[in-house]
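Asks: Let's see this in three dimensions:
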Amino acid sequence: MRVGHAIYEVGYFSVSIISRTANCLLFGGSMHQTLSARVFVEAQIHGKPAWQRRMKLIDRAWRVLSLGAGSRGHCEDAWASEVSRAERTLELAGGTE
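Replies: Here you go, the predicted model:
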């Protein structure tokens, strides 16, 4: 089981690095944010139509690649995961009450 988990972690972080690099180099975003999370922010929070189309495309592709096991809102899930990770980091650093 440990080997399987290690393979999952390496795969997850490899894809995450590619996503963060794409966000930075192709869209001028931050290396601290995956492309999926950025797409959610631009589409849902800022309401930008081009980003809304990108979100639909990424969510649809994620469902296909995960053989239907993926959630219907991959971009929103990615954003929520990054927010949660940032909150945990702040709590560990003593930055939130």
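
Asks: Helices of this structure, start to end?
Replies: For the chain, the helices defined by DSSP state H cover 2-27, 35-40, 49-65, 74-93.

Asks: Pick the most buried one from those helices.
Replies: Neighbour counts (mean count of other CB atoms under 10 Å) averaged over each of the helices of the chain peak at helix 35-40, with a mean of 25. Bear in mind the C-beta positions are built from the backbone N, C-alpha and C, glycine included.

Asks: residue contacts, residue 27?
Replies: Applying CB atoms under 8 Å, 6 or more residues apart in numbering, one finds that residue 27 lies in contact with 35, 38.

Asks: again, 10 Å this time
Replies: With CB atoms under 10 Å, 6 or more residues apart in numbering as the criterion, the residues that contact residue 27 are 35, 38-39, 42, 51, 54.

Asks: Just the closest of these to residue 86, please.
Replies: Looking at the contacts of residue 27 and their distance to residue 86, the nearest is residue 38, at 14.1 Å (CB to CB).
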